[in-house]
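Colleague: just need the structure, nothing else, for what follows:
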Amino acid sequence: MERGQNRTSGRILGLDVGARRIGVAVSDPLGLTAQGLETIQRRNRRYDSGELQKVVSAHEIREIVVGNPLRMSGESGTQAEKMEAFAAQLRQTFAMPVHLWDERLTTAEAHRLLDETGIRDSRRKEVIDKMAAVLILQSFLDARRARTP
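Modeller: This next block holds a predicted model:
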């Protein structure tokens, strides 16, 4: 196997899960870079699951990374517990690895990046969620690559 090549084919899905929207990002086939996809407007569990199923199928997803909103101290709080339950639901629904990944400061970083681009219109909230998903997934990919000899 070539250096940096994944053991299995397929992409990794990154999710920034909020109460109203789910920001979505997907890796390239080699697991090097993250690109943003559409933002899912949440309705209910069945709808959200169906929308995620479409993405998983369309992009041949083999694992999922969910942003884990830890407290600044690194401890879990109410939101992190909700993401643990969400991740468990994804594992059951999709029967694939689901990783919780520290998302502290990703939304703040997404706001900073958008401030630099000057996006101020009604799309900003959706773009923030998508960009946060990209930052979560890219951080995961970079850390994985750094661990792989």
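Colleague: the helix or strand of the chain with the lowest mean pLDDT: what's the following helix or strand?
Modeller: Among the helical and strand segments of the chain, the one scoring lowest on mean pLDDT, DSSP states H and E is helix 106-117, with a mean of 73. Tracing the chain past helix 106-117, the next element assigned as helix or strand by DSSP states H and E is helix 124-147.
Colleague: elements contacting that next one?
Modeller: Using 3 or more Cβ pairs under 8 Å, 6 or more residues apart in numbering; DSSP states H and E, the elements in contact with helix 124-147 are strand 11-17, strand 21-27, strand 34-36, strand 61-68, strand 98-102, helix 106-117. All C-beta spots, glycine's among them, are computed from the backbone N, C-alpha and C.
Colleague: quick one: list the elements packing against the longest one.
Modeller: Judged by 3+ Cβ pairs under 8 Å, 6+ apart, the packing partners of helix 106-117 are helix 124-147.
Colleague: which other residues reach the helix it packs on?
Modeller: Residues external to helix 124-147 that are found in contact with it (Cβ atoms under 8 Å, 6 or more residues apart in numbering): 4, 12-16, 18, 21-27, 31-39, 65, 67, 99, 101-103, 106-107, 109-111, 113-114, 119.
Colleague: buried ones in it, by neighbour count?
Modeller: Neighbour counts over helix 124-147 (16 or more other Cβ atoms under 10 Å) mark 126-141 as buried.
Colleague: farthest-separated two in those?
Modeller: Taking Cβ to Cβ, the two most distant members of the buried residues of helix 124-147 are E126 and L141; they sit 22.6 Å apart.
Colleague: show me the shaky parts of the protein.
Modeller: Applying pLDDT under 70 to the chain flags the ranges 1-9, 105, 107, 119-123, 126, 149.
Colleague: 80 - rerun?
Modeller: Along the chain, the parts satisfying pLDDT under 80 run over 1-9, 72-74, 104-126, 148-149.
Colleague: now the end-to-end length of stretch 52-65.
Modeller: For stretch 52-65, the separation between the terminal residues is 13 Å (Cα to Cα, to the nearest Å).
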